[in-house]
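> What follows is a predicted structure for the sequence shown.
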Amino acid sequence: MTEDRPDLAGTLLSPRSLLNDPLFERMHLWLFVWSGPQEPRARELRQVFVDILLVVFGAALPWSTTVASVLSVALVIAIPPILTARAVVAGLRRPPLLLPIVFFALAAIGTIWASDVSWWERLHALDKTSKLLLIPLVFLHFQTSPRPGWTFVSFGLSNSLLLALSFSVYASPALARYIEPHALGVPVKNYIDQSQGFAFLAVTIGGLATEALRRAMFGRTIVLYFSSAAFLANLAFVNVARSAFLYVPIMLLLFAWRYVRGWRLLSVLAIFVIIGLVSLASAPNLQRKIARIPGDLTAYRANSLTVGDDPASGAQRLVFWRSSFVFVRSAPLLGHGTGSTRRLFEAEANGRTGLDSLVVSNPHNQTLSVAIQWGLVGCLALYAMWAVHLWLFRQGVRSASAPFLAWIGLVAVVQNIASSIFNSHLQDFYPGWLYVLAVGIAGGALHRSEIAGSADHRTR
């Protein structure tokens, strides 16, 4: 006689047991509940899912263009269902949200008058501006999400891991041979992107350290100042983009302006200058980068592709800019159309040698990149967007007690504008996404705080 035993598999897979499973219940709410009494909980689950996507995006951005691209598509799909029509309509009345859409729309319309350019080239150039559409989506999301810090933390931790790997690759030739870094101390991507992220984190983490010091949180202060110094040390001693020589001092000036006033400001600026001079005197990396500047000027005059054993990148930019001015003068109002840059350089380089023979689709200057394709109209749209985003975060430097997110947003916008003198950093992948994340997250969170503050004021 056999003993009757419960059918364990049947019990676990029965419809009733599945419906009572918390994970299944959450999945059901997330996917299928769009109205009724459980709709607020379903909306919250979708909101948390978007926050998690952004956390993973922030962690992936320093490492993988492919993973970040896939996640950006997921965000475009996941964010709209959690937005209300009322929030979207109200948001599109705000210039910080509207102008990125206007800029993209101009690029889309610009595909029409791009002559002798394949549609693949037009759409590829359009794709470089499509990331700006995430600014209003992320902004609107963080008007309701209370978790703006998650993405910044994941981005910081991910870059900290990259920082450790950068130092390791720089210090260990054996490890460098195994990893095959893209440049000295640059295990992934390129030194321009790495410098952009490390500089942003050095300054913002330094701000967090100063906030902790003002609150007498001394343990956290030491850890954060050490982290900030480590990022700066990597820029000084391992590898740095020469455009950082412009934007890092400006970012440090914003740091000093936020936290000190009066004569103390002059003292802090003097300390920054001394640290810079000491770093220059002791860091071969900085000395090598600066020593190449005269060589670039010589290479430009000689139409030479190299400075010693290195590519004459500075001379290349001068040639690109010189040709770009010619292109802009031939179509000053509306430009040559989306994706036309490479065709123009090909025609210019035909039959030439040296630097003059180089063909690029990016003139390494954001203003010129926009002017070539969309003329004066495009430049006005670009500057208007930068201006409204600067204005959005203006309170970040009013005082040390101003919202920290406003200062983060301001640092990101200023860095993008300054670095875009030597690169097309609004359209380039990594720095462009850094701009989108900072503006969208910080802007939306600030607006959420303003709404909450107004509601509290009305209830008093």
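Nice, I can see it. What you are looking at is a predicted structure, and each value in this text was computed from that prediction instead of being measured.
> which stretches of this protein have low pLDDT?
The model of the chain has pLDDT under 70 over residues 1-26, 28, 30-34, 452-460.
> which of the residues in stretch 224-239 are buried?
224-225, 227-228, 230-239 (16 or more other Cβ atoms under 10 Å). In short, each C-beta sits where N, CA and C put it, glycine included.
> do stretch 328-345 as well
For stretch 328-345, the neighbour count (16+ other Cβ under 10 Å) marks 328, 331, 334-345 as buried.
> This structure: strands as residue ranges?
Assigned by DSSP state E, the strands in the chain fall at 306-307, 310-311.
> Quick one: closest of those to Gly185.
With Cβ to Cβ as the measure, strand 310-311 is the member of the strands of the chain nearest Gly185 (15.5 Å).
> ok now that closest one, how far from the chain's centre?
27 Å (Cα atoms, centre = their mean, to the nearest Å).
> repeat for stretch 96-105
Taking Cα atoms, centre = their mean, the mean C-alpha location of stretch 96-105 is offset from the chain mean by 17 Å.
> Not counting its own residues, what contacts that stretch?
With contact meaning Cβ atoms under 8 Å, 6 or more residues apart in numbering, stretch 96-105 is reached by 91-92, 126, 129-130, 132-133, 135-136, 139-140, 378, 381-382, 384-385, 388-389, 392, 439, 443.
> likewise stretch 379-388?
By Cβ under 8 Å, 6+ apart, stretch 379-388 touches 95-96, 99-100, 102-103, 106, 366-367, 370-371, 374, 413, 416-417, 426.
> Now do the contacts for Val153.
So Val153 contacts Val55 (Cβ under 8 Å, 6+ apart).
> 7 Å - rerun?
Residues near Val153 by Cβ atoms under 7 Å, 6 or more residues apart in numbering: none.
> For it, give its distance to Ala212.
Distance from Val153 to Ala212, counting by Cβ to Cβ, to the nearest Å: 15 Å.
> Phi first, then psi, for Pro181.
Main-chain torsions, Pro181, degrees, to the nearest 10: phi -60, psi 150.
> Hmm, it is touching Val169, no?
Yes: if you go by Cβ atoms under 7 Å, Pro181 and Val169 touch, sitting 5.0 Å apart.
> can you give me the helices in the stretch 1-150 of the chain?
Counting by DSSP state H, counting those that start in this stretch, the segments of the stretch 1-150 of the chain that form helices are 8-12, 15-20, 22-32, 39-60, 65-78, 85-91, 95-110, 119-130, 134-141, 149-171.
> most packed of the ones you listed?
Per-stretch averages of neighbours, counted by mean count of other Cβ atoms under 10 Å, single out helix 134-141 among these, with a mean of 25.
> Other residues contacting that one?
Outside helix 134-141, the residues that touch it by Cβ under 7 Å, 6+ apart are 50, 72, 75, 79, 82-83, 87-88, 91, 97, 100-101, 436-437, 439-441, 443-444.
> Could you rerun that using 6 Å?
If you take Cβ atoms under 6 Å, 6 or more residues apart in numbering as the criterion, helix 134-141 is touched by 50, 79, 83, 87, 91, 97, 100, 436, 439-440, 443-444.
> Likewise for stretch 108-126?
Against stretch 108-126 from outside (Cβ under 6 Å, 6+ apart): 107, 337-340, 343, 373-374.
> same check, this time on stretch 430-437
Here stretch 430-437 makes contact (Cβ under 6 Å, 6+ apart) with 61, 131, 134-135, 193, 196, 412, 416, 425-426.
> and of the residues you listed, the nearest to Leu269?
Using Cβ to Cβ, Ala412 comes nearest to Leu269 of those, at 22.0 Å.
> what sits against the closest one?
435, 438.
> Ok, Ser361 next?
Contacts for Ser361 (Cβ under 6 Å, 6+ apart) come out as 341-342.
> just to revisit the earlier point, redo the buried residues of stretch 328-345 as TSV? Include distance to Gly36.
Converted to TSV, the buried residues of stretch 328-345 look like this (distance: Cβ to Cβ, whole Å):
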residue	distance to Gly36
Val328	57
Ala331	56
Leu334	51
Gly335	51
His336	54
Gly337	50
Thr338	45
Gly339	48
Ser340	52
Thr341	52
Arg342	54
Arg343	55
Leu344	57
Phe345	58
